[in-house]
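Enquirer: Got a predicted model here, sequence first, then my questions.
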Amino acid sequence: MLVFMLTACDGVHDAGADANVWEDTNCNGQLDEDEPPLEGICIWHGNRADSLVPYSEYCTSKGGQTNNKGRWSGGLLWNRKCTDVYIFVEIPDGFRPTTDVVVNDCFAEFGLAKMSNCPEISIRTPSDLIAQQKRDQVTFMGQRGFEG
C-alpha cells in the first residue's frame with residue numbers, strides 16, 4: 001500500500017491498452033447496437049504516434065488480434081499514462097476506416113466499413129497526429145521563450 005501511495009504522488013501511473021473493433025455498416029463512425037464485432041483485426045500499441053507496424057508474426061499471434069467479440073487487450077503498461085499510449089489498427093483488405101486509425105489514449109474504438117458500402121471519409125492518420133504534436137510542441141516552446 002505504501003508503494004502505491006508513493007507512486008501515485010510521483011505522478012507515475014500504470015495504464016492498460018484496450019480496443020474495440022466493429023463493422024460500421026452505416027458508415028457513421030459510431031458503434032450502433034446492430035453492428036457486428038470484427039474478429040482477427042491486427043491491433044498494436046506504442047509510445048509514439050509513429051510506432052512501427054508490428055512484424056507479421058505479432059498480428060497472427062493470439063495477442064495481436066481482436067477476439068470474436070471484436071476486443072483486444074494490450075495488457076498493463078507499467079509506468080505509463082494514457083497520454084503516453086497510442087493504439088493503432090491495421091485496415092484489412094476490402095475495408096476502409098470510419099474512425100481515426102490511431103488513438104492517443106488507453107482505449108480505442110475503431111469502425112471499419114466494407115469499401116463498397118461507404119464513401120471515403122477524412123480520418124486522422126499517424127502522420128496527421130505527428131504533425132499536430134510538432135505544432136503543439138512549437139507552440140508550447142514558443143510560449144516559454146524557446147522557439148528559435
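Expert: Looks like it came in fine.

Enquirer: what sits against the closest residue to residue 111 other than its chain neighbours?
Expert: Spatial nearest neighbour of residue 111, chain neighbours left out: residue 24 (3.5 Å); criterion: CB to CB, 6 or more residues apart in numbering. Backbone N, C-alpha and C define where each C-beta goes, glycine included. Taking CB atoms under 8 Å, 6 or more residues apart in numbering as the contact definition, residue 24 lies against 30, 31, 35, 98, 99, 111, 112, 113, 118.

Enquirer: Distance of residue 24 relative to residue 64?
Expert: 22 Å (CB to CB, to the nearest Å).

Enquirer: Could you do residue 82 as well?
Expert: Residue 82 sits 21 Å away from residue 64, taking CB to CB as the criterion.

Enquirer: Compare neighbour counts for those two and give me the winner.
Expert: residue 64 (20 against 14; other CB atoms under 10 Å).

Enquirer: doesn't residue 40 make contact with the more buried one?
Expert: No: counting by CB atoms under 8 Å, residue 64 sits too far from residue 40 to count as a contact (9.8 Å).
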